[in-house]
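Colleague: structural data only, the sequence is not supplied:
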Ligand code: USQ
């Protein structure tokens with residue numbers, strides 16, 4: 001199949017490209033490198049040194065003997081999106097090119113608006129361009145488990161049967177997102193569902209849980225590494241906890257720490273997305289996958305991190321800062337996730353093995369982490385309408401220079 005990946009330069013876009021190439025698919029990417037700029041905006045960088053995209057393409061050519069097609073541009077420009085889809089006519093589009101950080105969207109009004117306007121515009125442009133140029137393509141749209149919030153009942157995969165005042169229907173399950181970012185995904189879901197209905201497009205909306213991990217089996221060379229964010233806005237919980245342990249900073253489960261989320265390893269997310277691509281729905285079908293392996297509280301993740309850090313001779317501490325977010329800290333959480341298993345999905349990575357792998361790799365990049373240790377602990381508060389001053393105040397007067405890259409250790413494989 002020919003797969004177009006929007007956001008191919010990102011944390012999951014890049015390993016997805018490698019994963020699909022390794023399985024014989026043709027890959028074309030789109031990116032405007034905005035994540036690189038936005039991570040710099042908050043004073044951070046990727047723990048892993050990331051080559052330019054041209055160097056990434058060259059590395060793939062040299063190491064894998066494959067080509068990755070690429071269009072540099074912004075999905076907010078409709079002429080660009082139309083041109084790419086009309087030229088490439090992909091069989092599937094995996095749409096990852098959205099602002100993906102909840103804290104970033106909560107910085108202030110401008111970040112909230114940029115997040116929602118950018119995410120919704122890109123998705124609408126893709127939907128219109130698909131209708132015009134490749135109506136047989138399948139859109140695999142990255143959503144988030146966070147669309148559902150934490151209701152006090154089980155969470156179905158997108159839809160549920162409801163009886164109300166003597167009548168029944170199958171309806172979209174209510175969404176109760178927890179940030180402007182998460183709400184942008186809710187609105188996207190409505191747009192994709194509607195477009196699939198009126199234009200008979202094929203669509204899979206992926207409600208993915210929190211990602212963690214640093215490598216996939218296809219990352220066999222330092223030039224093929226994906227980015228790994230750890231600052232308070234771009235890093236996700238478990239990845240950040242491991243960085244905190246490596247740096248000797250307190251591990252920070254917010255508030256009571258019993259908030260529970262679905263989590264999935266990077267490598268297993270690639271497997272899930274490929275299964276979605278290789279098994280498209282029918283024309284006019286909008287289907288929803290809840291994509292995660294297991295639900296953990298952040299306290300459980302802090303404990304696993306601390307245990308493995310201790311095994312490695314570190315001296316981790318766990319602190320519970322006041323929660324900068326507004327979210328339930330103790331709640332029921334039982335999302336259903338059967339659809340991917342029916343397509344053959346099997347978890348391959350056990351949580352402690354991936355945590356050990358991240359520790360091993362990060363030890364190699366410790367100097368890069370040290371150089372940005374001031375951006376790890378939380379400052380962006382949901383209750384504040386303007387967090388810019390807090391973000392600015394923690395920056396050193398001059399950012400330290402980037403240390404020389406080091407080669408990562410050879411990948412060690414363990415299975416669940
Ligand atoms: N958390 C802590 N301590 C920290 C960081 C986070 O306790 O130092 C808590 C948060 O309060 C939250 C949970 O961990 O309850 C998850 O936070 P996160 O920053 O790992 O993830 P989140 O903001 O929810 O967003 C991430 C990705 C986003 C994706 C989402 C999936 O950035 O792109 O959509 O995970 S989900 O969480 O299922 O909505």
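Modeller: Structure's in. What do you need? Computed from a predicted model, the values in this text were never measured in an experiment. Numbers count the residues shown, from 1 in each chain.
Colleague: okay, now the nearest residue to residue 326 once chain neighbours are set aside: neighbour count?
Modeller: Distances taken as C-beta to C-beta, 6 or more residues apart in numbering place residue 382 nearest to residue 326, at 4.5 Å, with adjacent residues excluded. Where you see a C-beta, it was placed from the backbone N, CA and C, and this is true even at glycine. Residue 382 is flanked by 17 other residues according to other C-beta atoms under 10 Å.
Colleague: just checking, residue 382 touches residue 325?
Modeller: Yes: using C-beta atoms under 8 Å, residue 382 is in contact with residue 325, at 4.8 Å.
Colleague: overlap in contacts, these two.
Modeller: Shared contacts of residue 382 and residue 325, defined by C-beta atoms under 8 Å, 6 or more residues apart in numbering, comprise residue 179.
Colleague: distance of residue 80 relative to residue 72?
Modeller: Relative to residue 72, residue 80 is positioned 9 Å away (C-beta to C-beta, to the nearest Å).
Colleague: just list the residues touching the residue nearest to residue 326, thanks.
Modeller: Residue 382 makes contacts with 106, 179, 324, 325, 326, as judged by C-beta under 8 Å, 6+ apart.
Colleague: next, count neighbours for the first one.
Modeller: For residue 106, the count of nearby residues is 25 (other C-beta under 10 Å).
Colleague: check the third one too.
Modeller: Counted with other C-beta under 10 Å, the burial measure for residue 324 works out to 21 neighbours.
Colleague: give me the element it is part of.
Modeller: Per DSSP states H and E: residue 324 is located in neither a helix nor a strand.
Colleague: shouldn't residue 296 be in contact with residue 257?
Modeller: No: if you go by C-beta under 8 Å, residue 296 and residue 257 don't touch, sitting 10.8 Å apart.
Colleague: secondary structure class for the residue nearest to residue 326?
Modeller: Of the three states, residue 382 takes coil under DSSP: H, G, I helix; E, B strand; the rest coil.
Colleague: one step back: settle it for me: which of residue 80 and residue 72 has more neighbours?
Modeller: residue 80 (18 against 13).
Colleague: the more buried one contacts residue 87, doesn't it?
Modeller: No: using C-beta under 8 Å, residue 80 is not in contact with residue 87, being 10.8 Å away.
Colleague: which bits of the stretch 101-250 of the chain sit near the ligand?
Modeller: 101, 102, 144, 145, 146, 182, 208, 209, 210, 236, 237, 240 (C-beta under 6 Å from any ligand atom).
Colleague: could you redo the last one with a cut-off of 8 Å?
Modeller: Selection of the stretch 101-250 of the chain residues close to the ligand by C-beta under 8 Å from any ligand atom yields 101-103, 142-147, 178-179, 181-182, 185, 207-211, 232, 234-241, 244.
Colleague: quick one: which of those residues sit in helices?
Modeller: Among these, DSSP state H puts 102, 103, 181, 182, 185, 237, 238, 239, 240, 241, 244 in helices.
Colleague: among those, which pair sits farthest apart?
Modeller: 185 and 244 (27.0 Å; C-beta to C-beta).
Colleague: of all residues in the chain, which one is closest to the ligand?
Modeller: Per C-beta to the nearest ligand atom, residue 146 is where the chain lies closest to the ligand, at 2.3 Å.
Colleague: touching, that residue and residue 102? I think so.
Modeller: Yes: using C-beta under 8 Å, residue 146 is in contact with residue 102, at 7.3 Å.
Colleague: and for the two, which residues touch both?
Modeller: Common neighbours of residue 146 and residue 102 (C-beta under 8 Å, 6+ apart) are 178, 179, 182.
Colleague: understood, closing this out.
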